[in-house]
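Asks: sequence first, then the predicted structure:
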Amino acid sequence: MTKIVGVVAEYNPFHKGHLHHIAEAKRLTGADAVVCVMSGDFVQRGEPAILDKYVRARTAVSHGVDLVIELPFVYAVGGAELFSSGAVRLLNGLGIVDTISFGMESLREGCGPEQIEHMKGLLSMVSRYLAFEPGSFGERLREYQSLGLSYPLSREKAVADVLGKTAASLLKNPNDGLGVDYLTAMTRLHAKWELNITDVAPVPRKGAGLHEQGEEYAGATAIRELLREGKFKEAAKYLPNGNSSSVFGWPKAGVVCPSQLVFSDNMFEPLIFAILGMKAGEAQNLYAAGEGLENRLLSASMKAKNMEELVSLTKSKRYTRTRIQRLILHALTGLTKDDVAKATSEPLYARVLGMSEKGPAIIRRSKKVQAEIGQNLPFITSVSRQKDILSQSPVTNAFDVKAAKIWTMLRDGNLADFRYSPNPKG
């Protein structure tokens, strides 16, 4: 292997757009192997992953990814800054990834190298401002926040004021915004440490947007909605090979196993029980709480009849839907500000969820390079045999295990078939 490219994903679920991204990432960088940092049981929007993380990892491996590493729960559900910093730190810690690739809505299929290089320059400029908030930019950002605007909207407006509307447009689209977040994380990390990652490879998005359906491609949100509505055949045409068996591991195309899928609706009753069990003042310590948002959630929880009502009753112009959903998840799992502070000060580890035939060689190469450059990102392939490593990151590991158990409960209603450490080669 001469070159390894890194990607960050949720694969929730894995679809044709992801397949396109993997192929283009390898083509643009000349890489012959792909390492993916993937969210585990819950995703950045505060929702449960619809499918078992091991099945999602196995699907990624069968479609071109060579090593899948889990992004720890605390980072995966902590917001854009925490999500991107955790992912970048993991890929950088491997010592063998020098390029991160991601899809972008602002780059359309068929654009040439000059357009991609121009976009990289624009991404770099925006990320430097977001990383350090210099001068008038920081002032404008705080001014918009003081007016009651959400942080995402405040930063978009501040970027427009200082860098122009074209730069600000990168913050409007989900994948463009993630690209900015990855470069912002890289910029901040580079101010502290020597980065092994020196480049990015943005890939023009093909087909429909995140929430849209097209003839051949659909975004993950649109596919999840089709699945939630029971429209399995319609969803299947957007999956690799045009069938559900290629992604969900169902016995054959057309055979539906909806009991394997988990949606936010599954969280509602356990959440209400969790809220009822909170002591006075406990909600304000939840990680996404603040500015009275937790009080809105507590009030809404006494009126809502389902998850959608709960989010709607909690929502206001100051708080995005995504932040509310994350607060709901933090309430369910008990994730507090102190927990995140402790977890982010602990050493990271690379928990392997799946690998191809190239995987063992990638791990050996990473260990060799890490030893040469003085880094230490341990690989976890067996929880039971590597408890000494996990004991160095007790809060991070505890929430990984807790999240896995809660996800299994949401799917099965019990823990009889709970498994935490299957063979990553399986």
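Replies: Great, that's in hand.
Asks: and the helices in the stretch 51-200 of the chain, which stretches?
Replies: Here the stretch 51-200 of the chain has its helices, by DSSP state H, counting those that start in this stretch, at 53-62, 73-76, 80-93, 113-132, 135-146, 151-163, 165-168, 174-190.
Asks: quick one, which of these is nearest to I4?
Replies: Closest to I4 of those is helix 80-93 (C-beta to C-beta; 9.6 Å). (C-beta placed from N, C-alpha, C; glycine too.)
Asks: hey, C-alpha coordinates of the closest one in CSV?
Replies: Extracted in CSV, the C-alpha atoms of helix 80-93 (Å, rounded to 0.1, in the frame of the first residue of the first chain):
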residue,chain,number,x,y,z
ALA,A,80,-20.0,19.7,14.9
GLU,A,81,-16.8,20.9,16.7
LEU,A,82,-16.5,17.8,18.9
PHE,A,83,-17.5,15.4,16.1
SER,A,84,-14.9,16.8,13.6
SER,A,85,-12.1,17.1,16.2
GLY,A,86,-12.5,13.5,17.3
ALA,A,87,-12.6,12.2,13.8
VAL,A,88,-9.5,14.2,12.7
ARG,A,89,-7.6,13.3,15.8
LEU,A,90,-8.3,9.6,15.1
LEU,A,91,-7.2,9.7,11.5
ASN,A,92,-4.2,11.9,12.4
GLY,A,93,-3.2,9.5,15.2
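Asks: mind checking what helix or strand follows the helix or strand harbouring E308 in sequence?
Replies: For E308, the element it lies in under DSSP states H and E is helix 307-314. Next along the chain after helix 307-314, taking DSSP H and E as the criterion, comes helix 321-333.
Asks: counting contacts, what elements does that following helix pack onto?
Replies: Secondary-structure packing of helix 321-333 (3 or more C-beta pairs under 8 Å, 6 or more residues apart in numbering; DSSP states H and E): helix 268-276, helix 293-301, helix 307-314, helix 394-412.
Asks: got TSV for those, with distance to L189, mean neighbour count and mean pLDDT too?
Replies: Below are those laid out as TSV (distance: least, C-beta to C-beta, whole Å; neighbours: other C-beta atoms under 10 Å; pLDDT from 0 to 100):
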stretch	distance to L189	mean neighbour count	mean pLDDT
helix 268-276	34	15	94
helix 293-301	29	19	93
helix 307-314	33	18	95
helix 394-412	18	19	95
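Asks: dump those helices into CSV; add distance to F379 as well.
Replies: Formatted as CSV, the helices and strands packed on helix 321-333 follow (distance: least, C-beta to C-beta, whole Å):
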stretch, distance to F379
helix 268-276, 33
helix 293-301, 38
helix 307-314, 37
helix 394-412, 14
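Asks: contacts only, for the residue nearest to M186 when sequence neighbours are not counted.
Replies: Sequence neighbours aside, V88 is the residue nearest to M186 in space, at 5.6 Å (criterion: C-beta to C-beta, 6 or more residues apart in numbering). By C-beta atoms under 8 Å, 6 or more residues apart in numbering, V88 lies in contact with I100, Y182, A185, M186, L189, I197.
Asks: again, only this time at 7 Å
Replies: Contacts for V88 (C-beta atoms under 7 Å, 6 or more residues apart in numbering) come out as Y182, A185, M186, L189, I197.
Asks: give the other helices and strands that the longest strand anywhere in the chain contacts.
Replies: Longest strand in the chain by number of residues, with DSSP state E as the criterion: strand 97-108. Identification of packing neighbours for strand 97-108 by 3 or more C-beta pairs under 7 Å, 6 or more residues apart in numbering; DSSP states H and E yields strand 4-9, helix 16-29, helix 113-132, helix 174-190, strand 199-205.
Asks: in the second one, what counts as buried?
Replies: When you say that, I think you mean helix 16-29. K16, G17, H18, L19, H20, H21, I22, E24, A25, K26, L28, T29 (16 or more other C-beta atoms under 10 Å).
Asks: what does it contact?
Replies: Residues outside helix 16-29 that contact it (C-beta under 7 Å, 6+ apart): 3, 5, 7, 9, 11, 31, 34, 63-65, 99, 101, 103, 201, 203, 206-207, 216-217, 238-240.
Asks: rerun at 8 Å
Replies: Contacts for helix 16-29 (C-beta under 8 Å, 6+ apart): 3, 5, 7, 9, 11, 31-32, 34, 60, 63-65, 99, 101-103, 116, 201, 203-207, 216-220, 238-240.
Asks: filter the residues you listed down to the buried ones, PyMOL style.
Replies: Buried members of the contacts of helix 16-29, defined by 16+ other C-beta under 10 Å, are picked up in PyMOL with:
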select buried, resi 5+7+9+11+31+34+60+63+64+65+99+101+102+103+116+201+203+204+205+206+207+217+218+219+220+238+239+240
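Asks: quick one: low-confidence ranges for the chain?
Replies: Low-confidence segments of the chain, defined by pLDDT under 70: 1, 207-215, 242-259, 421-426.
Asks: and the residue lying closest to R323 once chain neighbours are set aside, how close does it get to Y75?
Replies: Distances taken as C-beta to C-beta, 6+ apart place A288 nearest to R323, at 5.8 Å, with adjacent residues excluded. Plainly put, A288 is 14 Å away from Y75 if you go by C-beta to C-beta, to the nearest Å.
Asks: what does H63 give?
Replies: Going from H63 to Y75 by C-beta to C-beta gives 24 Å.
Asks: next one: P13
Replies: P13 is 21 Å from Y75, by C-beta to C-beta.
Asks: surely I362 and I4 touch.
Replies: Yes - contact status for I362 versus I4: in contact at 6.6 Å, counting by C-beta atoms under 8 Å.
Asks: who touches both of the two?
Replies: Residues touching both I362 and I4 by C-beta under 8 Å, 6+ apart: A33, V35, D66, I96.
Asks: redo these as a markdown table? Include neighbour count.
Replies: Output for the shared contacts of I362 and I4, formatted as a markdown table (neighbours: other C-beta atoms under 10 Å):
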| residue | neighbour count |
| --- | --- |
| A33 | 22 |
| V35 | 27 |
| D66 | 22 |
| I96 | 20 |
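Asks: tell me the one of the residues you listed nearest R326?
Replies: Each of those was checked against R326 using C-beta to C-beta; the closest is V35, at 26.4 Å.
Asks: kindly state the beta-bridge partners for the closest residue in space to that closest one that isn't next to it in sequence.
Replies: Of all residues not flanking V35 in the chain, L67 sits nearest, at 4.6 Å (C-beta to C-beta, 6+ apart). Beta-bridge partners for L67, by DSSP bridges, are V35, M355.
Asks: contacting residues for L67?
Replies: Applying C-beta under 8 Å, 6+ apart to L67 gives the contacts A33, V34, V35, C36, V352, G354, M355, S356, K358, G359, I362, I363.
Asks: dihedrals phi and psi, A49?
Replies: As for A49, its main-chain torsions (degrees, to the nearest 10) stand at phi -60, psi 140.
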